[in-house]
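Fold the following for me, if possible:
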Amino acid sequence: MPPFPKPRFAYAFAVDDQLAALRKWRDEKSGRQIPKPRAGNLVLATWNVANLGVQERTDDAYRLIAEIVSWFDLITVQEVNANLDGVLAIRKHLPAGYALLFSDASGNRERQAFFYDTARVTQLEEVGRLAIPPAKLDQIRLPGTTTVFEGFDRGPYLGTFQAGKFELMLASVHLFFGSTKPADLERRTLETFALAWWAKKYHLDKTTYVPDLVPLGDFNLPKAVKGDRIFDALTSRGLVVPPHSSQIGSSIASDNQYDQVAFFPGESMTRFTGQMSVFDFDGALFQDLLAQRGRDDFLAWMRYYLSDHRPLWAEFRTT
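As a prediction, this is how the structure comes out:
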């Protein structure tokens, strides 16, 4: 997507004060608590960090982003540009022991990335882009339509990991959005259906390297409710989208639920603790800016220096 406009006003902040505000919001604000890493659990997350490597963030902004990333054992990040400066700046501020994987660039020059704590998570051998053989594409059609799937604009990035006894394949997605025009909406729905179609094939394939599959990321899903055409396409082949512990939207400017974690009934569902929520960092950061300049300038600052999306996390048992 095009970069957000750089704010045309000056604003200075003390990064240590903002870090303290983030941690207080995480630990003390009801509904915002993120499980602490402990023996027997995995805290998995996904975060679309707007135009990472394109927008000119400050080093202090990267410290704030890295602080949030460091709360999770394993996190996938979307909107990583072909220019790796942004993702490398996050890594610079992470605790020792965090590792980084990233894909090649595809549509819109975007990559996807994984950060993980090597003390708690082991990377397994399989990694790559999701590819559906051309001979299979004509099998992927929305019910009642003749339009054939032609491929992903930004192919999901696949990685395999192990935490305790839990082995899983992650499919990090940033699905097509386009616009609200009917043709773009149909394309978005078809791309979502294609992911669900592939996921079902993977789930039923007895030869897979790691049997448990967890698609997660930015599905550009307005509402995680039956009747929303994107949600219906995502869940049409058996994928389950669990309800959030809170109903905070993953967009900082709306209650849209673009970002999701999904899985099939089976081991992933059995290991899911039921704890899953969005962390609204914008409720803690830069509150003086909000008070002084109002919501429009506050959101402009957030979109440019942090992100327009909030991270979503889910907890799983690993023993």
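
Test my guess that Gly249 contacts Asp282.
No. Counting by Cβ atoms under 8 Å, Gly249 stays clear of Asp282, with 11.1 Å between them. (C-beta placed from N, C-alpha, C; glycine too.)

Between those two, which contacts overlap?
Arg310 (Cβ atoms under 8 Å, 6 or more residues apart in numbering).

Trp317: neighbour count?
In this structure residue 317 is Arg, not Trp. 15 (other Cβ atoms under 10 Å).

Does the closest residue to Glu125 other than its chain neighbours lie in a helix or a strand, and which?
Closest residue to Glu125 apart from its sequence neighbours, by Cβ to Cβ, 6 or more residues apart in numbering: Thr160 at 6.8 Å. Per DSSP states H and E, Thr160 falls inside strand 157-163.

Okay, buried residues for that strand please.
157-161, 163 (16 or more other Cβ atoms under 10 Å).

Need the contact partners of the host helix or strand of Glu315.
Here Glu315 sits within strand 312-317, counting by DSSP H and E. Contact with strand 312-317 is made by 34-35, 40-47, 72, 163, 166, 216, 242, 244, 250, 259-261, 268, 271-273, 275-279, as judged by Cβ under 8 Å, 6+ apart.

List only buried entries from those residues.
Here, 16+ other Cβ under 10 Å leaves 34-35, 41-47, 72, 163, 166, 216, 242, 244, 250, 259-261, 268, 271-272, 275-279 buried among the contacts of strand 312-317.

Take those residues and keep only those in strands.
The strands, defined by DSSP state E, take in 41-47, 163, 166, 216, 259-261, 272, 275-278 from the buried ones among the contacts of strand 312-317.

Let me see the backbone angles for the nearest residue to Arg57 once chain neighbours are set aside.
Leaving aside its sequence neighbours, Arg57 sits nearest to Tyr305 (Cβ to Cβ, 6+ apart; 5.4 Å). As for Tyr305, its main-chain torsions (degrees, to the nearest 10) stand at phi -90, psi -30.

Count the neighbours of Tyr305 for me.
24.

wait, it sits on Arg63?
No. Here Tyr305 does not reach Arg63: they are 11.2 Å apart, not a contact under Cβ under 8 Å.

Now do the helices in the stretch 51-200 of the chain.
59-69, 85-92, 182-204 (DSSP state H, counting those that start in this stretch).
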